[in-house]
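1. how would this look folded up:
(chains A and B)
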Amino acid sequence: MTTSLRIAYLPLTDSAVLAVAREKGFAEEEGIALDLVRTVSWATLRDRLIFGQVQGAHMLAPLAIAVTLGLSQQPAPLAAPYKLNVNGNMLVMAREFAQALEPDIAARLDDPLGTAHDFATAIGLWKRKPVIGVVHRFSSHAIMLRYWLASAGVDPDRDVLLRVVPPSLTVEAMRAGEIDGFIAGEPWGSAAVDADLAEAVAIGERIWRRGVEKVLAFRTPWLEENPQAVDALIRALVRAAAWCDERENHEALAHLLSQPHFVDQPADLIARALSGRIVARTGMPPLDMPDFMLFSREATPFPWRSQALWLYSQLVRWKMVEHTPENAAKAASVFRPDIFRRALAESNVPIPGASMKVEGAVGQPLAVGSKRGELTLGPDRFFDGRVFDPERFDDFLASF
Amino acid sequence: MRIVIIDDSGLRATVLEDGLREAGYDDIHIVPPRGGFVARLERMAPDVVLMDLGSPSRDTLEEMLSVSRALARPIAMFVDQSDEAMIGAAIDAGVSAYVVDGLRKERVKPVLELAVRRFNAFARLQSELDDARTALSDRKIIDRAKSILMSQRGLTEPDAYALLRSSAMNQGKKIVDVAQALITASDLLGGGL
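-> Numbers count the residues shown, from 1 in each chain, chains lettered A, B, ... in the order given. Modelled structure (predicted):
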């Protein structure tokens, strides 16, 4: 029996797993007729999900939490049993702003703390506040940018202007001089570099080495009522994700995503994030960043509850939500490792035994307890060396 | 009541504006969602904002509505969140509405309903236009195939058409597809007109 599922997505490189699940037949093999609904704003994607016009959505992880907490326009409980990727963002700035930073761009990207301090110093030299584009208030991009700015004492609500610019309009906004830089998912940072409008200032992966990015979100009541469809889709996505991480598939994947109904940008631009070969400045040879964007390895799709809580801690930190035990519990419950485990119970995919971990504690690849098979976690450090222990949430908040 | 329509398509915005004027609203402004449209909107201080759902700039607008001091807090989107049928119709039609001051929702609902009807009518108009264009180009293809048959097989026009029609029926294809195949074949064989 075939189940039809409609999933809304935004044309970004990190929609790859959904695209592959459909186009390479992984969904079909699990009995899912996957209908991908292209949207161009997070607001519309959110509305389509909440009002039941689609069953699932490729969603910014913090937005799923914000909607559940009632911080967005349309509050509704959402559930994310699957992470579509980790990492994949890039902060780029116009040349005249980047000039105040470390000129050796590889060194600049390797040292986000030093770069943040250079940037902080440079703000004082400019005649006006820098205007930085973010894709949404409740995006991992905005949270990452705020975290990075604050590490050098920059108040993101006072010292710079954060402007919401949809990913597909970032390059145009740079060209028109409406923003001085932006942080967005690929391929938009690369597109701005390619157009010689900007250069890389920071890479998401160097800020949080395993930073949560997009999740697959459902309405919680729908998720509870449709366990078979959810499980089948998760199994299809796990296989699609493994395909996406294979080096030999990157060229085909870039070509697939370059089509007009997906990302609609040149394949060689899209290939940079997939293969981790990032052109940071026009004319420079690419820099190797093998962890630039992950889909499958190290249990990338596993929705660690501690990661939902870390995102929540940042919403609290920036006064977007009041910290109460109820809110913390609601935020943590958005990520659903229980559903992930249920869906893959009969498979031989290695699954972490725990649902929480201390975020930022892994410096070297680490073998961990798994229900079956071998599971190695990659380094997940934050660039400032902080560690987030969900058991000591209040201490973590107090440390800012 | 001041209504701002944020829309990239000049035609669709005009269709909507006309409808609103007919319904007795006269303080209507059209703003394309580009550049500093947010600042422009703030100066206008609208009561209701209607926006094309397909515009990527919706996120920018929502951000403004949630932080702006010049505009009051957004009261609602789609006017009444409990009216799911209306919301579904609005999403289908591709329109979202924001009420940006304390207007009562009864006053705004007719505006949204009218917008949905107008957006739907516009979409129909567009698809009829597309159909008409297709029909026109279909006829050109069939005419060209007919003239190939007339000149190369010495057929009359009705006979040429009858031949195309019976071939189409025999092959279970559309006449235009058979005609296109004939033109392609004729071009390949160098006998084209």
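2. only C-alpha atoms for contact and neighbour calcs from this point on.
-> OK.
3. What sits closest to residue A:178 if chain neighbours are left out?
-> Among residues not flanking residue A:178 along the chain, residue B:35 sits closest, at 7.0 Å (Cα to Cα, 6 or more residues apart in numbering or on different chains).
4. Test for you: state the pLDDT assigned to the one you found.
-> What the model reports as pLDDT for residue B:35 is 77.
5. got it, and the one 5 residues further on?
-> Per-residue confidence at residue B:40 stands at 87 (pLDDT).
6. Tell me the residues of chain B that contact chain A?
-> Contact residues (Cα under 8 Å from any Cα of the partner chain) of chain B with chain A: B:35-36, B:53-60, B:62-63, B:76-77, B:84, B:87-88, B:91.
7. Only whichever of those residues are buried, select them in PyMOL.
-> Those of those that count as buried under 16 or more other Cα atoms under 10 Å in any protein chain shown are selected in PyMOL with:
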select buried, chain B and resi 53+54+55+56+57+58+59+60+62+63+76+77+87+88+91
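8. Spatially central, which residue of chain B would that be?
-> residue B:123 (3.7 Å; Cα atoms, centre = their mean).
9. I'd guess that one is in a strand, am I close?
-> No: read with DSSP: H, G, I helix; E, B strand; the rest coil, residue B:123 is helix and lies in no strand.
10. neighbours around residue B:115, how many?
-> 27 (other Cα atoms under 10 Å in any protein chain shown).
11. Check the gap between it and chain A for me.
-> 17 Å (Cα to the nearest Cα, to the nearest Å).
12. Next up, the contacts around whatever residue of the stretch 151-300 of chain A ends up closest to chain B.
-> Distance from chain B to each residue of the stretch 151-300 of chain A (Cα to the nearest Cα) is smallest for residue A:164, at 5.0 Å. By Cα atoms under 8 Å, 6 or more residues apart in numbering or on different chains, the contact list for residue A:164 reads A:133, A:134, A:135, A:136, A:137, B:59, B:60, B:63.
13. mind running it again at 10 Å?
-> Residues near residue A:164 by Cα atoms under 10 Å, 6 or more residues apart in numbering or on different chains: A:132-137, A:142, A:170, A:182, B:57-64.
14. Keep only those of those that are in helices.
-> Using DSSP state H, A:142, A:170, B:58, B:59, B:60, B:61, B:62, B:63, B:64 are the members of these that sit in helices.
15. Return the item of those residues having minimum pLDDT.
-> For the ones in helices among the contacts of residue A:164, the pLDDT minimum is residue B:64, 82.
16. Can you give me the neighbour number for it?
-> 21.
17. quick one: secondary structure of the nearest residue to it once chain neighbours are set aside?
-> Once flanking residues are discounted, residue B:64 sits nearest to residue B:38: 7.0 Å by Cα to Cα, 6+ apart. For residue B:38, the assignment made with three-state DSSP gives helix.
18. dump the residue contacts of residue B:38.
-> Residue B:38 makes contacts with B:31, B:44, B:57, B:60, B:61, B:63, B:64, B:65, B:68, as judged by Cα under 10 Å, 6+ apart.
19. Of those residues, which is the nearest to chain A?
-> Taking the contacts of residue B:38 together and measuring to chain A by Cα to the nearest Cα, the closest member is residue B:60, at 5.0 Å.
20. Quick check: beta-bridge partners of the residue nearest to the closest one when sequence neighbours are not counted?
-> Using Cα to Cα, 6+ apart and skipping the chain neighbours, the partner closest in space to residue B:60 is residue A:164 (5.0 Å). Counting by DSSP bridges, residue A:164 is bridged to residue A:134.
21. Where does pLDDT dip in chain B?
-> Scanning chain B with the threshold set as pLDDT under 70 gives B:68-82, B:101-103, B:105, B:191-193.
22. what ranges do the strands span in it?
-> B:2-6, B:27-31, B:48-52, B:76-77, B:95-99 (DSSP state E).
23. hang on, the earlier thing: can you name the residues that contact the residue nearest to residue A:178?
-> By Cα under 10 Å, 6+ apart, the contact list for residue B:35 reads A:172, A:173, A:176, A:177, A:178.
24. Adding neighbour count, secondary structure and pLDDT, write those out as TSV.
-> As requested, those are exported to TSV (neighbours: other Cα atoms under 10 Å in any protein chain shown; DSSP: H, G, I helix; E, B strand; the rest coil; pLDDT from 0 to 100):
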residue	neighbour count	secondary structure	pLDDT
A:172	16	helix	94
A:173	19	helix	94
A:176	11	coil	93
A:177	14	coil	92
A:178	17	coil	92
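25. show me where chain B has helices.
-> Using DSSP H, helices in chain B cover B:10-22, B:37-44, B:58-67, B:84-93, B:105-153, B:157-171, B:175-188.
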